[in-house]
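K.L.:
coords please:
(2 chains)
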Protein chains: 2
Amino acid sequence: MKLTRAYSTHLGSTIPAAKAKYVPTSGTYPKGFSASGAFCGVKPGNTNKPDIAIVTSDRDCSAAAVFTKNKFQAAPVTFSRKLLQSRANAGLRSVIVNSGNANAVTGIGGLQDAAQMAETTDQRVGEKSSTIVMSTGVIGQRLPIQKIVDSIPNAVKSAGDQHKDWLRCANAICTTDTFPKLMSKSFKLPSSPGIEYRIAGMTKGAGMLAPNMATLLTILATDAPVAPGIMTNVLRHAVDRSFNSITVDGDTSTNDTVALLANGAAGGKEVSSEQSPDYEAFQTVLTDFATDLAKYIVRDGEGATKFVTIRVVDSASEESARQVARSIALSPLVKTALYGKDANWGRILCAAGYALISKPGQPVNDVPEIIPEKTNVSFIPTDGSKELQLLVNGEPEQVDEERASEILEMEDLEILVKLGTGDKTAVHWTCDFSHDYVTINGDYRT
Amino acid sequence: MKLTRAYSTHLGSTIPAAKAKYVPTSGTYPKGFSASGAFCGVKPGNTNKPDIAIVTSDRDCSAAAVFTKNKFQAAPVTFSRKLLQSRANAGLRSVIVNSGNANAVTGIGGLQDAAQMAETTDQRVGEKSSTIVMSTGVIGQRLPIQKIVDSIPNAVKSAGDQHKDWLRCANAICTTDTFPKLMSKSFKLPSSPGIEYRIAGMTKGAGMLAPNMATLLTILATDAPVAPGIMTNVLRHAVDRSFNSITVDGDTSTNDTVALLANGAAGGKEVSSEQSPDYEAFQTVLTDFATDLAKYIVRDGEGATKFVTIRVVDSASEESARQVARSIALSPLVKTALYGKDANWGRILCAAGYALISKPGQPVNDVPEIIPEKTNVSFIPTDGSKELQLLVNGEPEQVDEERASEILEMEDLEILVKLGTGDKTAVHWTCDFSHDYVTINGDYRT
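P.N.:
Prediction:
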């Protein structure tokens, strides 16, 4: 099998022409933060690509993170969760990341390795118990911890606040990603109209992606002043509507982590009450930002050739809408049909139809949220041209196959499902399922 | 994309050499039943392969069926469920099947088509309201009903009780299957030791397979006398442990149906009480028979190169064990690793670890059934050689990769997961995920 993606990082590798437009050439980064990507050689075959990343603040941050619910949580997840609890989301400084090895299912030794990564960073930064740890890569192998510990001083020393530093950092967290995923933007908050705040974020994804709490690794940093007590809620809100609303293959990883740091370096009034206009404004900024970042992951899904938005509307509840959208997004038959540019809407219906049913061996449940006679399905072209109705009130349309083919030729596509049983909505983003996905994952470790 | 499987049936096509051994060359069939497969041309491209199948009894049968829970139930499912209810599981005679078109999501017209298939068969057989209907194939297109109605008389007339008749029938229900799936055997019941009973069954599968109540289409026929009142329970027991314990791709179809007919033609004492030794004996015979038949479907999964048994033991409950086994079986990352012959046990753990967790956006649940420190994972070679331990009490073993490769070269493999939290067990059968699956399903309709 021919591998179409190099492992484990991509600085120096060629970014596919179609993806180059997603890599920023400049940015506006939050004050007081610096970033770097350094070479370590975590994975034996890696001889020159950066695989240690650090984001660090020159002052204390409020911080929060959401983690995978997978029962086999990686050592860095266990370590970082405990750290944030013990610090009550305050006094954090850094995030240290290695790619090439997930430090997952590595027993007690793995926990010690994660702690050592944090302590080494703490020492260099000069603040005890201030470093969040993340790892990504193969599961079940111990880290080459001495190599990593030896590389951290260089990573800290070389950290800078320029675009190139952030980009190198975003590169260093990649695994089978084909392009680094970095974004930054400015925003304002109602209480401090004279101040320009900034938020930057990076993420990595590609496979083992059905985030549940978060996707593989995401770091978000802002110079807005946000109180520790509200960090978790504002992050959770954003994650549920962004990283928890994307899937590539349906596998919820052992390492999923999204961390948010806010250092207040830009000054202004602290966001401290969930009832304030500032909170609402910041929540919107964060959710939109996280959603844009999450979409990059889908666009770079392993083997993906399509970016598909699944919008479920007129649902009796948001939860039902989410489950229907997710079921369609995860269906291998829907995904292979999209890859084959086949307007096989029967498979979309089929996946919607089993989204809410009980498991095998359990009694049949009622599922009043789906009524075939009220269900509508359309393809929405993303070039603004007319929608193509496939199913109207449970009755199939005579589909214009030529028009369907036209729509399916486009890289972006929206599938609109109207359930007709309420007024709630959910959106899920996914990609197709291609030969390359099988190739990449049939031969990942070697 | 090159199609590696012809659609829609395989009589006359070449059966792959490795699969030929699963096609019986003789059989022992239940008295009073006859079977046939006839050509109709349901799918426009089909010019000579049988695509209408009938199994019919010369006397009234007790009958039961379990159906898909998918909310978009195909017209034949709706029709047959109502029929069995109205007849209280008694007085049935025939099962009529077409392949090449699922008659699913076809609105009111589709229901009329299903009824017309049944009525035409009833007329030829000479018994009103006695025919169960099944369809399989593409979703969302109306049946060529006139062609089907015109073909039914010939199908009824040509029905016979010889091996060749049953085999032609088993061929006619196939779609992307590469071989017909037919089995028969004799058995005895405690109360009638002098009588030899027979059971025959056929099934078809290949894709859209995560049966929930049943797999695509299965017909089981026996000449044992079984009372109508106990048919549903005995069938449900068997299906939960057979067709509901296999998966190919995780898509629960709109047409899943398993039907059992018992005509009592062999005589003897009727099985009528669920507390009788005869019931227990018949339940065991039926469950084992259905399990063997279900395994054929996995062995012929679309694109499959491996037959994988996932055995989860020492579980706190059977339900948890089933969910863990199913989660591993459905993981695209586990399935592609198996295809790539990669002993990537980290993915097995990962899939076990998200089997019982709550959905995104919902609070973290406890999942006491899985404790990483108590979990063990091994590969069990099917040639009787020594097991290969991968994870022992949550700590990874130094895996002998050469031995792992040896085991993964074999077509059959067992993955054993010991949860260490109880004494319950579940078994699930699945296949790997290959390039051919993507090819077959990227271009199915056309």
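
K.L.:
Now the helix or strand in which A:Leu260 is found: average pLDDT?
P.N.:
Using DSSP states H and E, A:Leu260 sits in strand A:257-262. The average pLDDT within strand A:257-262 is 85.

K.L.:
Which neighbouring elements make contact with the next helix or strand after it?
P.N.:
Using DSSP H and E, the next helix or strand after strand A:257-262 towards the C-terminus is helix A:277-299. Helices and strands touching helix A:277-299, by 3 or more CB pairs under 8 Å, 6 or more residues apart in numbering or on different chains; DSSP states H and E, are strand A:181-187, strand A:197-204, strand A:217-222, helix A:228-240, strand A:246-247, strand A:307-315, strand A:424-431. C-beta: built from backbone N, CA, C; applies to glycine.

K.L.:
Report the angle between helix A:277-299 and strand A:217-222.
P.N.:
For helix A:277-299 against strand A:217-222, the angle between stretch directions is 150 degrees (axes from the mean of the first three to the mean of the last three CA atoms, to 10 degrees).

K.L.:
who touches the closest residue to A:Val324 other than its chain neighbours in this structure?
P.N.:
Distances taken as CB to CB, 6 or more residues apart in numbering or on different chains place A:Ala355 nearest to A:Val324, at 4.5 Å, with adjacent residues excluded. Residues counted as contacts of A:Ala355 (CB atoms under 8 Å, 6 or more residues apart in numbering or on different chains) are A:320, A:323-324, A:326-328, A:370.

K.L.:
Would you mind giving those residues as JSON lines with pLDDT and neighbour count added?
P.N.:
Shown next, in JSON lines, are these (pLDDT from 0 to 100; neighbours: other CB atoms under 10 Å in any protein chain shown):
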{"residue": "A:Ser320", "pLDDT": "90", "neighbour count": "22"}
{"residue": "A:Gln323", "pLDDT": "87", "neighbour count": "21"}
{"residue": "A:Val324", "pLDDT": "92", "neighbour count": "27"}
{"residue": "A:Arg326", "pLDDT": "87", "neighbour count": "25"}
{"residue": "A:Ser327", "pLDDT": "88", "neighbour count": "25"}
{"residue": "A:Ile328", "pLDDT": "92", "neighbour count": "25"}
{"residue": "A:Ile370", "pLDDT": "86", "neighbour count": "25"}
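
K.L.:
From those residues, pick the one nearest chain B.
P.N.:
A:Ile370 (4.5 Å; CB to the nearest CB).

K.L.:
Please, which helix or strand holds the closest one?
P.N.:
Per DSSP H and E, there is no helix or strand for A:Ile370.

K.L.:
circling back to that earlier point, who does the strand holding A:Leu260 touch, helix- and strand-wise?
P.N.:
strand A:50-67, helix A:75-87, strand A:92-101, strand A:131-138, strand A:217-222, helix A:228-240.

K.L.:
what's the spacing between it and its chain's center?
P.N.:
12 Å (CA atoms, centre = their mean, to the nearest Å).

K.L.:
about what we covered before: pick out the most distant pair among the contacts of A:Ala355.
P.N.:
Largest separation among the contacts of A:Ala355 by CB to CB: A:Arg326 and A:Ile370, giving 14.1 Å.

K.L.:
by contact count, what packs against the helix or strand of chain A with the lowest mean pLDDT?
P.N.:
Scoring the helices and strands of chain A by mean pLDDT, DSSP states H and E places strand A:246-247 at the bottom, with a mean of 71. Using 3+ CB pairs under 8 Å, 6+ apart, the elements in contact with strand A:246-247 are helix A:277-299, helix A:318-330, strand A:424-431.

K.L.:
wait, which of the ones you listed is closest to B:Gly41?
P.N.:
Across these, closest to B:Gly41 is helix A:318-330 (CB to CB), at 32.6 Å.

K.L.:
And the contacts of the closest one?
P.N.:
With CB under 8 Å, 6+ apart as the test, helix A:318-330 has contacts from A:210, A:245, A:247, A:250, A:308, A:310-313, A:315, A:334, A:348, A:351-352, A:354-356, A:369-370, A:415, A:417, A:419, A:424-430, B:250, B:359-361.

K.L.:
Select only the buried ones of those residues in ChimeraX?
P.N.:
Buried residues among those (16 or more other CB atoms under 10 Å in any protein chain shown), as a ChimeraX selection:
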select /A:210,245,247,250,308,310,311,312,313,315,334,348,351,352,354,355,356,369,370,415,417,419,424,426,427,428,429,430 /B:250,360,361
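
K.L.:
In contact with the residue of the stretch 101-250 of chain A found nearest chain B, which residues?
P.N.:
As assessed by CB to the nearest CB, chain B sits closest to A:Ile139 within the stretch 101-250 of chain A, at 2.6 Å. Contact analysis of A:Ile139 by CB under 8 Å, 6+ apart lists A:74, A:102, A:104-105, A:254, B:344, B:346-347, B:349-350.

K.L.:
and the residue nearest to it when sequence neighbours are not counted, backbone torsions?
P.N.:
Nearest non-adjacent residue to A:Ile139, counting by CB to CB, 6+ apart: B:Gly346, 2.6 Å away. B:Gly346 adopts backbone torsions of phi -60, psi -30, taken as degrees, to the nearest 10.

K.L.:
right, and B:Gly346 touches A:Asn101 too?
P.N.:
No - look at B:Gly346 against A:Asn101 with CB atoms under 8 Å: they stay out of range, at 10.7 Å.

K.L.:
Name the residues contacting each of the two.
P.N.:
A:Val138.

K.L.:
Flag the shaky bits of chain A, pLDDT-wise.
P.N.:
Low-confidence segments of chain A (pLDDT under 70): A:1-13, A:206-216, A:248-253, A:359-362, A:365, A:443-446.

K.L.:
run the last query once more with 50
P.N.:
For chain A, applying pLDDT under 50 flags the ranges A:1-12, A:211-215, A:446.

K.L.:
Identify the bridge partners of A:Ile310.
P.N.:
Partner residues in beta bridges with A:Ile310, using DSSP bridges, are A:Ile415, A:His428.

K.L.:
The one 5 residues further on too?
P.N.:
On the basis of DSSP bridges, A:Ser315 is bridged to A:Lys424.

K.L.:
pretty sure it contacts A:Glu369?
P.N.:
Yes - using CB under 8 Å, A:Ser315 is in contact with A:Glu369, at 6.4 Å.

K.L.:
Make CSV from the helices and strands packed on strand A:257-262 and add mean neighbour count and distance to B:Lys128 to it.
P.N.:
Output for those, formatted as CSV (neighbours: other CB atoms under 10 Å in any protein chain shown; distance: least, CB to CB, whole Å):
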stretch, mean neighbour count, distance to B:Lys128
strand A:50-67, 25, 62
helix A:75-87, 20, 64
strand A:92-101, 28, 69
strand A:131-138, 27, 64
strand A:217-222, 28, 65
helix A:228-240, 20, 56
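
K.L.:
Direction included, what does the least confident helix or strand of chain A pair up with?
P.N.:
strand A:424-431 (parallel).

K.L.:
Check the offset of the partner strand from the chain's centre.
P.N.:
14 Å.

K.L.:
And for stretch A:44-61?
P.N.:
The chain centre lies 18 Å from the centre of stretch A:44-61; the measure is CA atoms, centre = their mean.

K.L.:
is that stretch anywhere near chain B?
P.N.:
No - judged by CB under 8 Å from any CB of the partner chain, stretch A:44-61 stays clear of chain B, getting no closer than 14.0 Å.

K.L.:
could I get that stretch in CSV with only the CA atoms?
P.N.:
C-alpha atoms of stretch A:44-61 as CSV (Å, rounded to 0.1, in the frame of the first residue of the first chain):
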residue,chain,number,x,y,z
PRO,A,44,12.2,7.1,15.1
GLY,A,45,11.8,7.9,11.4
ASN,A,46,11.5,11.6,11.9
THR,A,47,14.9,13.2,11.4
ASN,A,48,14.2,16.9,11.0
LYS,A,49,10.5,17.9,11.4
PRO,A,50,9.4,19.8,14.5
ASP,A,51,7.5,17.6,16.9
ILE,A,52,7.7,19.5,20.2
ALA,A,53,5.4,22.5,20.5
ILE,A,54,5.0,25.1,23.2
VAL,A,55,2.6,28.0,23.7
THR,A,56,3.6,30.0,26.8
SER,A,57,2.4,33.3,28.4
ASP,A,58,4.6,35.9,30.1
ARG,A,59,2.1,36.1,32.9
ASP,A,60,-0.5,33.9,34.7
CYS,A,61,-3.5,32.8,32.7
